[in-house]
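S.K.: got a predicted model here, sequence first, then my questions.
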2 protein chains.
Amino acid sequence: MRLLLVEDDIALRDGLQQALTGQGFAVNAISTGQQALAVARAGDCDTVILDLGLPDIDGLSVLKQLRQKWPRMPVLILTARDGIEDRIKGLDYGADDYLVKPFAAPELFARLRVIERRLGTASSHLIRCGEVELDSTSMQVSVADNTVSLSRREYVLLKELMESAGRIKTREQLEASLYSWGEEVASNALEVHISNLRKKLPTDFIRTVRGVGYSISRP
Amino acid sequence: MRLLLVEDDIALRDGLQQALTGQGFAVNAISTGQQALAVARAGDCDTVILDLGLPDIDGLSVLKQLRQKWPRMPVLILTARDGIEDRIKGLDYGADDYLVKPFAAPELFARLRVIERRLGTASSHLIRCGEVELDSTSMQVSVADNTVSLSRREYVLLKELMESAGRIKTREQLEASLYSWGEEVASNALEVHISNLRKKLPTDFIRTVRGVGYSISRP
DNA sequence: TTTGTCCTTAAGATTAATTTAAGTTTGCTA
DNA sequence: TAGCAAACTTAAATTAATCTTAAGGACAAA
C-alpha cells in the first residue's frame, strides 16, 4: 500500500517514514498542505496520513479538499492537541480514523492494516494461495506450513501479488508499491527480487506475463 | 481498444504511449490539434485522450469539432491547469472524463477501463465462445478448462475476435488493434499469428472470410 | 570495527515472441 | 479446369523481454 504522510515536524516525519517503510509500506513524506493537495490530486497514493497542525493551510481544510476530489480515499489524521473539537470535526469531514500524539508506532500500523483490509486491498491478515500463506500482522510467510524468511522487498512484492491473485500486477504497479518517490530504480531490481522470491516458493507460483507484469493464480 | 493520444509534451507522450501499450491498448500518439482532427475524422480510433494545452489549436476547440463529427466518441481530457474553468468547459463540451496533471498512470488505466466497459468494447472479465474462455483480468485463455498459453499478439487477436463473435473482423481492423502507427508490418505477420493461434484452439474455431478477414461464431 | 544481510547494478545467458521470406495449398472465376 | 490471388504453413532470422549470477555498497547488529 502506498501512503502519503503529511507532517511538518521533521523528526517525527522521518521517524515515521522509516518505521512505515520497515513495515512494507511505500511512503511519500511531505510537509505542507499545498504539497499534500498537489500529490493527492495526482491520485498517487492509497491512503493519507495527515497531521492537522500544518504550517500553511489548516489541516481540516486540506482534508475537506481531499474529500471533494477523492471521496473514498482513506485519511487518517494525527493531532497534537487533545482538544476533542478537532477530532470530531475531522471525523465529520470524513477522516476514517485518528490518532492523538504522542502515539505508539505499532498502533499506527494496526490502524493502517484495518484501513487496508477495508479498502479491499487486503482481504484479511491471512492470505492464502495454495500452499503459500502470508500473515500481514507478523509479516510471516509459510509454504506448506514451513516458515520461509523473506526480505522486506520480497515480502512486499509477494503481498502485492497475493492480494491481487487472479489479476495481473504490472511492473509499474509493483515498482510503485516497492519504492517511494525519488528512489525509483533504474535497473532490473524488480526482476532480481522476483527471481530470489521464486527460489523460496513453489514452482510456477509466480507467473510471468510477458510485456506486462506478473501474476499469481487464484487460490 | 484503439486510443488516440494527443499530447505535445514529448516525454509525457512517449511515457504514456509505452504504458498504455503495455496495458494492451493500441495507441496512436500525435502532438497537435490539426493532426488530431485529421485522424479522428478518419474515425480511426475508439477513444481520444486529449491534452487541452496544445500548441496550435486550443484544445477545447478540438474537442468541440470532434464532438460535431463524432458525437459519441469518448474523449478523456488532460489538463495541466488546476483552474476549474477549463475542466468545466471541457465537460460542457462533451468530454467524458478528465484528469489533472500530474496524474498516476494506473488512474488513467482505470478510467479507460470504465470507458471500455461503457463502450461495450467491453472486455468484461470473461468472454466465452463454446469451449474457449478468455479472462481479460488475468489475460488467461482456456480451452475446455485447460489453460493454454498465448503470446501477447495472439492474445490481443483472440480477444478482438471473441469480443465481436458472430461478426467479421477485417484484416485491417485486426492489424490496427495489433499495431500502432509507424509500426505497421509489411508482410504476413497477421496470418502467421492466426495460424499459430489455430494450433492452440479447437478446429475451425477461427473462420476465414476470404478477401475480408476472420470471424468466430456466436457462442 | 567487524560481520552479515539486504539491496542494487550490470553483464551475459536464456528464453520467448515476432517478423520475414519462401514454398504450398486452397478456392474462386473466367 | 487452368490460372490467379488469397490464405496457409513452416522454418529461419531477428528482436525483445526476462532470468540468473555475481560483485560491490549501504546499513545495522554484534
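M.R.: Happy to help now that I have it.

S.K.: give me the domain ranges for chain A.
M.R.: Using automatic domain parsing, the domain parsing of chain A gives A:2-119, A:126-215.

S.K.: comparing those, which gets the lowest mean pLDDT score?
M.R.: Across the domains of chain A, the stretch with the lowest average pLDDT is domain A:2-119; it has a mean of 79.

S.K.: in the longest helix along chain A, what counts as buried?
M.R.: Longest among the helix segments of chain A by residue count, using DSSP state H, is helix A:105-119. Applying a neighbour-count criterion of 16 or more other Cβ atoms under 10 Å in any protein chain shown, the buried positions in helix A:105-119 are A:Leu108, A:Phe109, A:Arg111, A:Leu112, A:Arg113, A:Ile115, A:Glu116, A:Leu119. Where C-beta positions appear, they are placed from N, C-alpha and C, glycine not excepted.

S.K.: what does chain A put close to DNA strand D?
M.R.: Counting by Cβ under 7 Å from any atom of the strand, the residues of chain A lying close to DNA strand D are A:171, A:188, A:191-192, A:194-196, A:198, A:208-213.

S.K.: may I ask which of these has the most neighbours?
M.R.: The most neighbours of any of those, using other Cβ atoms under 10 Å in any protein chain shown, belong to A:Gly213, which has 22 neighbours.

S.K.: and the residue nearest to that one when sequence neighbours are not counted, how far is that from A:Phe25?
M.R.: Distances taken as Cβ to Cβ, 6 or more residues apart in numbering or on different chains place A:Thr170 nearest to A:Gly213, at 4.0 Å, with adjacent residues excluded. Noted for A:Thr170: a distance of 19 Å to A:Phe25, by Cβ to Cβ, to the nearest Å.

S.K.: equivalent analysis for A:Leu174, please.
M.R.: Here the distance between A:Leu174 and A:Phe25 works out to 14 Å (Cβ to Cβ).

S.K.: so what's the residue lying closest to A:Leu4 once chain neighbours are set aside up against?
M.R.: Distances taken as Cβ to Cβ, 6+ apart place A:Cys45 nearest to A:Leu4, at 4.0 Å, with adjacent residues excluded. In this structure, A:Cys45 makes contact with A:Arg2, A:Leu3, A:Leu4, A:Asn28, A:Val39, A:Met73, judged by Cβ atoms under 8 Å, 6 or more residues apart in numbering or on different chains.

S.K.: tell me which element A:Leu197 is part of?
M.R.: Under the criterion DSSP states H and E, the helix or strand holding A:Leu197 is helix A:189-200.

S.K.: by contact count, what packs against that helix?
M.R.: Under the contact criterion of 3 or more Cβ pairs under 8 Å, 6 or more residues apart in numbering or on different chains; DSSP states H and E, the helices and strands touching helix A:189-200 comprise helix A:152-163, helix A:171-178.

S.K.: need those helices in TSV (columns: distance to chain B).
M.R.: Compiled in TSV, the helices and strands packed on helix A:189-200 are given as follows (distance: least, Cβ to the nearest Cβ, whole Å):
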stretch	distance to chain B
helix A:152-163	12
helix A:171-178	6
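
S.K.: and these as TSV, adding distance to A:Asp96?
M.R.: Output for these, formatted as TSV (distance: least, Cβ to Cβ, whole Å):
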stretch	distance to A:Asp96
helix A:152-163	19
helix A:171-178	20
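
S.K.: from the buried residues of helix A:105-119, which is closest to A:Ser142?
M.R.: Distances from A:Ser142 to the buried residues of helix A:105-119, taken as Cβ to Cβ, are shortest for A:Arg113 (18.9 Å).

S.K.: wait, isn't that closest one in contact with A:Thr137?
M.R.: Yes: using Cβ atoms under 8 Å, A:Arg113 and A:Thr137 qualify as a contacting pair, with a distance of 7.1 Å.

S.K.: ramachandran coordinates for A:Pro74?
M.R.: phi -60, psi 140 (degrees, to the nearest 10).

S.K.: quick check: it vs A:Arg67, distance?
M.R.: 11 Å.

S.K.: these two: which has the busier surroundings?
M.R.: Taking other Cβ under 10 Å, A:Pro74 and A:Arg67 do not tie; A:Pro74 has more neighbours (24 against 15).

S.K.: and stretch A:160-175, how far from the chain's centre?
M.R.: Centroid displacement of stretch A:160-175 relative to its chain, using Cα atoms, centre = their mean, to the nearest Å, is 14 Å.

S.K.: buried ones in that stretch?
M.R.: So, applying 16+ other Cβ under 10 Å, buried residues of stretch A:160-175: A:160-165, A:168-175.

S.K.: how about the residues of chain A by DNA strand C?
M.R.: Remark: the part of chain A in contact with DNA strand C comprises A:149, A:151-154, A:178-179, A:183, A:185-189, A:192-193, A:210-211, using Cβ under 7 Å from any atom of the strand.

S.K.: can you say which of those residues are buried?
M.R.: Neighbour counting over the residues of chain A next to DNA strand C (16+ other Cβ under 10 Å) leaves A:Arg153, A:Glu154, A:Leu178, A:Tyr179, A:His193 as the buried ones.

S.K.: okay but the second one is in contact with A:Ser195, surely?
M.R.: Translated: A:Glu154. No: in this structure, A:Glu154 is not within contact of A:Ser195 by Cβ under 8 Å, at 10.3 Å.

S.K.: now do the strands in chain A.
M.R.: For chain A, the strands identified by DSSP state E occupy A:2-6, A:26-30, A:47-51, A:75-79, A:97-100, A:126-129, A:132-135, A:140-143, A:146-148, A:168-170, A:207-209, A:213-215, in order along the chain.

S.K.: could those go into TSV alongside distance to A:Gln18?
M.R.: As requested, the strands of chain A are exported to TSV (distance: least, Cβ to Cβ, whole Å):
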stretch	distance to A:Gln18
strand A:2-6	11
strand A:26-30	9
strand A:47-51	14
strand A:75-79	16
strand A:97-100	17
strand A:126-129	26
strand A:132-135	23
strand A:140-143	21
strand A:146-148	25
strand A:168-170	26
strand A:207-209	33
strand A:213-215	28
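
S.K.: out of the ones you listed, nearest to B:Ala95?
M.R.: Nearest of the strands of chain A (Cβ to Cβ): strand A:168-170, 26.2 Å.

S.K.: the closest one pairs with which strands, and in what direction?
M.R.: According to DSSP bridges, strand A:168-170 has the following sheet partners: strand A:213-215 (antiparallel).

S.K.: now the partner strand, how far from the chain's geometric center?
M.R.: Worked out by Cα atoms, centre = their mean, strand A:213-215 lies 19 Å from the chain centre.

S.K.: check stretch A:155-171 too.
M.R.: 13 Å.

S.K.: look up how far DNA strand C lies from A:Ser136.
M.R.: Note on A:Ser136: its distance to DNA strand C, by Cβ to the nearest atom of the strand, to the nearest Å, is 16 Å.
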